[in-house]
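Participant: Let me see the structure of the following:
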Amino acid sequence: MKRLLFILTLASFLFITDHTLTADEKTEILIQYTNPTTRSIASYHPKAYIQHDILSLLAENGGIYSFSIENNLGETLFSSTFTADGAEYDFCISGIGNGLFRLIIKGNGNVYEGLFTI
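Facilitator: Residues are numbered from 1 along each chain as shown. Take a look at the predicted model:
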């Protein structure tokens with residue numbers, strides 16, 4: 001009986017530890033160029049990650065970028081700006097809730113979009 005209890009305790013500890021380790025990983029948001037008014041193809045894409053309730057954005061080609069987060073109804077839940085200087089900027093988005101969201105990034109005359117869930 002003690003051996004069974006020890007094995008169950010060890011298994012539950014390993015299960016909890018495994019989920020704790022994966023919760024700290026960053027989730028990359030796939031950003032796509034979506035400017036339909038031109039025929040050019042953007043070779044550069046900003047990068048976006050989510051870790052817990054922190055959205056991290058990175059752009060390197062200069063200028064000021066703006067971004068917004070919309071829910072599945074098209075309502076803007078969060079918006080801000082950041083400088084495209086190669087630094088990573090972090091934004092707390094804990095107040096937007098759970099569900100499917102669209103990240104829209106605008107800068108240097110281009111528009112980029114990515115979908116993510118929380």
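
Participant: Could you pull out the buried residues of stretch 79-90?
Facilitator: Buried positions in stretch 79-90, judged by neighbour count with 16 or more other CB atoms under 10 Å: Phe82, Ala84, Tyr89. Yep, even glycine has a C-beta here, placed from its N, CA and C like the rest.

Participant: And the residues you listed, which is closest to Gly63?
Facilitator: Checking the buried residues of stretch 79-90 against Gly63 with CB to CB, the nearest one is Ala84 at 5.1 Å.

Participant: in the chain, which spans are helices?
Facilitator: 2-23 (DSSP state H).

Participant: Check pLDDT for the buried residues of stretch 79-90 and point me to the minimum.
Facilitator: Across these, the smallest pLDDT goes to Ala84, namely 92.

Participant: Okay, that one and Ile93: tell me how far apart.
Facilitator: Separation of Ala84 from Ile93 (CB to CB, to the nearest Å): 20 Å.

Participant: Excluding chain neighbours, give the residue nearest to Ile103 in space.
Facilitator: Quick fix: residue 103 is Leu, not Ile. Gly114 (4.7 Å; CB to CB, 6 or more residues apart in numbering).

Participant: Please verify my assumption that the one you found contacts Leu30.
Facilitator: Yes: applying CB atoms under 8 Å, one finds Gly114 in contact with Leu30, separated by 5.4 Å.

Participant: of the two, who's got more company?
Facilitator: With neighbours defined as other CB atoms under 10 Å, Gly114 and Leu30 compare such that Gly114 has more, 19 against 12.

Participant: For the more buried one, give me its contacts.
Facilitator: Listed by CB atoms under 8 Å, 6 or more residues apart in numbering, the contact partners of Gly114 are Ile29, Leu30, Ile31, Gln32, Ala48, Arg102, Leu103, Ile105.

Participant: hmm, 6 Å instead?
Facilitator: For Gly114, the contacting residues are Ile29, Leu30, Ile31, Ala48, Leu103, by CB atoms under 6 Å, 6 or more residues apart in numbering.

Participant: Would you map the strands across this protein?
Facilitator: 27-29, 32-33, 47-51, 54-58, 64-70, 76-83, 88-92, 100-107, 110-117 (DSSP state E).
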